[in-house]
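# Below is the structure, and that's it, no one-letter string:
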């Protein structure tokens, strides 16, 4: 578990440093940019995450085929994931007007809304890179070669940091683009990560052997190319069957979270800035947990593919313990050194004082630490359940709790004029209650009987 998880943790750390640097640079540029980046960035990802998850779920098929010792099927599943990703680009572009309308409901200041709009449009137009990246990175996670994900992420991170500084502030001959520069830097670095992983994928031995196998079965050059790259409707159907619930679950989760962030904009500039800063710090801290979650999905998938449910269960609990140990370490820094975190984001032209921001932000960090122990359990075990194919339960459970409990309560708190800290306490309660059901589902073991792949299927009919 540690061998597969560690590169993913560092990879997520690199990606998070990239986004964290975005926020720090934008805070130094203007408070408007800082206030606009998080809501519009979350909304863009919310609209793309469904397609990212469906294409990326090919990695779970790869993990189970890898456990079943079918390398050709691993390559075949990844190619189908790339087809799914390409098919989503027109839909992503068509969602841009809807996203702009949703942002307009936030009631943010005109200058903030204008910045949100420009940032959002750039991320959406280049959004096809995200699902393509999910399919290629899913291959390496599924077969356990996660160092490739790490190397690509580090290179992309370094490029992003340099371009961020150059395009936001207009140095070294680059134009000063402000928040638009941050969006362009993010898109270009994501493209670099995709290109690195795609090149390595196409040069892998398993891929070359797969091409050779297809060549032996082909009758002509045209037939060779078609056999290698053609969509497999049967496998695509299974990917959609198991991957769509995963995408919808993430969509509902992020949509509820996006609404929460937008609602904070109605509680004043201090509330919005403090909440955005706390969530930026939260993302820095919790990104490694996503790496552990992906590792749990990969290892559980491999063991399930090998028909060893006992080892899969052990893998899930091992990943969970790793997450809790990490949370103890990072949570202690939130409580002991809140001023160091908050000081990184002090906007230079804010209408509130640094003391006011620290006082509010410190209480948010304390609450974030408390719910973090529960959130680490749910993040990792949800990944483990997905690796086993138990995606329908996760979708239904998330829908009931997020939109039947969390969202209505958040709207009521804002409507009744409560404080931002009350809203955050509600978020903490939701996370704690949600985690209890995920824990019980994993312990019950219903997921052990799910059949994601067919062990007797042939690669070529």
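Okay, I see it. Bear in mind that the values here come from a model prediction, so they are computed numbers and not experimental data.
# where does the chain have low pLDDT?
106, 210-228, 265-266, 268, 284, 345-352, 455-461 (pLDDT under 70).
# In three-state terms, label residue 144 for me.
Three-state assignment for residue 144 (DSSP: H, G, I helix; E, B strand; the rest coil): coil.
# And it, how close does it get to residue 287?
Here the criterion is Cβ to Cβ, to the nearest Å. By it, residue 144 lies 21 Å from residue 287. C-betas here are computed from N, CA, C, even on glycine.
# Correct me if wrong: residue 306 contacts residue 68.
Yes. Using Cβ atoms under 8 Å as the test, residue 306 is close enough to residue 68 to be in contact (6.4 Å).
# Looking at the two, which is more packed in?
More crowded of residue 306 and residue 68, by other Cβ atoms under 10 Å: residue 68, with 20 against 16.
# Might you quantify the distance of the helix or strand where residue 291 lies from its chain's geometric centre?
Here residue 291 sits within helix 269-305, counting by DSSP states H and E. How far helix 269-305 lies from its chain's middle: 7 Å, per Cα atoms, centre = their mean, to the nearest Å.
# One more: stretch 15-22?
The answer for stretch 15-22 is 13 Å, by Cα atoms, centre = their mean.
# Begin at 366 from now on, thanks
Shifting the count to begin at 366 puts that one at stretch 380-387.
# Quick one: residues in contact with that stretch.
Contact with stretch 380-387 is made by 402, 406, 518, 521-522, 525-526, 529, 547, 550-551, 554, 645, 648-649, 652-653, as judged by Cβ atoms under 8 Å, 6 or more residues apart in numbering.
# Enumerate every residue touching residue 760.
Contact analysis of residue 760 by Cβ under 8 Å, 6+ apart lists 610-611, 613-614, 617.
# Take those and lay them out in TSV including secondary structure, neighbour count and distance to residue 428.
TSV is the format used below for the contacts of residue 760 (DSSP: H, G, I helix; E, B strand; the rest coil; neighbours: other Cβ atoms under 10 Å; distance: Cβ to Cβ, whole Å):
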residue	secondary structure	neighbour count	distance to residue 428
610	helix	24	17
611	helix	27	14
613	helix	22	21
614	helix	25	19
617	helix	21	24
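# and which of those residues is nearest residue 469?
Sorting those by how near they are to residue 469, with Cβ to Cβ, puts residue 617 at the top with 21.8 Å.
# looking at it, the closest one is touching residue 763, isn't it?
Yes. In this structure, residue 617 is within contact of residue 763 by Cβ under 8 Å, at 5.5 Å.
# List the buried residues of stretch 730-747.
Across stretch 730-747, burial judged by 16 or more other Cβ atoms under 10 Å covers 730, 732-747.
# my bad, should have said stretch 477-491
Neighbour counts over stretch 477-491 (16+ other Cβ under 10 Å) mark 477-478, 480-489, 491 as buried.
# What about those residues, which are in helices?
The helices, defined by DSSP state H, take in 477-478, 480-489 from those.
# of the residues you listed, closest to residue 366?
Set against residue 366, the nearest of those by Cβ to Cβ is residue 488 (33.1 Å).
# Surely the closest one touches residue 547?
No. When contacts are counted by Cβ under 8 Å, residue 488 is not listed as touching residue 547 (9.8 Å).
# Redo the buried residues of stretch 477-491 as a markdown table? Include distance to residue 808.
Formatted as a markdown table, the buried residues of stretch 477-491 follow (distance: Cβ to Cβ, whole Å):
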| residue | distance to residue 808 |
| --- | --- |
| 477 | 45 |
| 478 | 46 |
| 480 | 46 |
| 481 | 42 |
| 482 | 46 |
| 483 | 47 |
| 484 | 42 |
| 485 | 41 |
| 486 | 45 |
| 487 | 44 |
| 488 | 39 |
| 489 | 40 |
| 491 | 42 |
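# Check those residues and tell me the two furthest apart.
Between all members of the buried residues of stretch 477-491, the farthest pair (by Cβ to Cβ) comes out as 477 and 491, at 22.2 Å.
# got a list of what residue 797 touches?
By Cβ under 8 Å, 6+ apart, the contact set of residue 797 is 736, 739.
# oh sorry, the question was meant for residue 572
Residue 572 touches 440, 566, counting by Cβ under 8 Å, 6+ apart.
# what about it, helix or strand, and which?
helix 570-582.
# Repeat that for residue 762.
Residue 762 is part of helix 756-766, with elements assigned from DSSP H and E.
# Can you get me a residue count around residue 527?
Residue 527, neighbours per other Cβ under 10 Å, totals 14.
# From residue 550, how far out is it?
According to Cβ to Cβ, residue 527 and residue 550 sit 8 Å apart.
# try residue 484
Using Cβ to Cβ, residue 484 is found at 12 Å from residue 550.
# tell me the contacts of the closest residue to residue 691 other than its chain neighbours?
The spatial neighbour of residue 691 that comes closest, neighbours along the chain excluded (Cβ to Cβ, 6 or more residues apart in numbering), is residue 653 at 6.1 Å. Contact partners of residue 653, counting by Cβ under 8 Å, 6+ apart, are 374, 377-378, 381, 691.
# mind checking the SS state of residue 818?
Residue 818 is classified as coil under three-state DSSP.
# which non-adjacent residue is nearest it?
residue 429 (4.7 Å).
# can you pull out the helices in the stretch 716-826 of the chain?
For the stretch 716-826 of the chain, the helices defined by DSSP state H, counting those that start in this stretch cover 719-753, 756-766, 772-780, 785-809.
# Which residues does the third one contact?
Under the criterion Cβ under 8 Å, 6+ apart, residues 621, 624-625, 628, 631-632, 787-788, 791-792, 795 lie in contact with helix 772-780.
# What residues of it count as buried?
Buried, per 16+ other Cβ under 10 Å, within helix 772-780: 772, 775, 778-779.
# any idea where the helices of the stretch 416-565 of the chain begin and end?
Using DSSP H, counting those that start in this stretch, the helices of the stretch 416-565 of the chain run over 423-432, 436-451, 454-459, 461-469, 475-490, 494-507, 511-534, 544-568.
# how about the ones you listed, which one is nearest residue 667?
Per Cβ to Cβ, nearest to residue 667 of these: helix 423-432, 3.8 Å.
# other SSEs contacting the closest one?
helix 436-451, helix 494-507, helix 598-629, helix 634-670, helix 719-753 (3 or more Cβ pairs under 8 Å, 6 or more residues apart in numbering; DSSP states H and E).
# Residue 497 against residue 420, yeah?
Yes. The pair residue 497 / residue 420 is scored as a contact, 7.2 Å apart, by Cβ under 8 Å.
# The two: which has the busier surroundings?
residue 420 (30 against 26).
# Next, the contact list for that one, please.
446-447, 449-450, 453, 496-497, 499-500, 503, 608.
# Could you rerun that using 6 Å?
Contacts of residue 420 were listed using Cβ atoms under 6 Å, 6 or more residues apart in numbering, and they are 446, 449-450, 496, 499-500.
# what inclination does the helix holding residue 762 have with respect to helix 598-629?
Interaxial angle of helix 756-766 relative to helix 598-629 (axes from the mean of the first three to the mean of the last three Cα atoms, to 10 degrees): 20 degrees.
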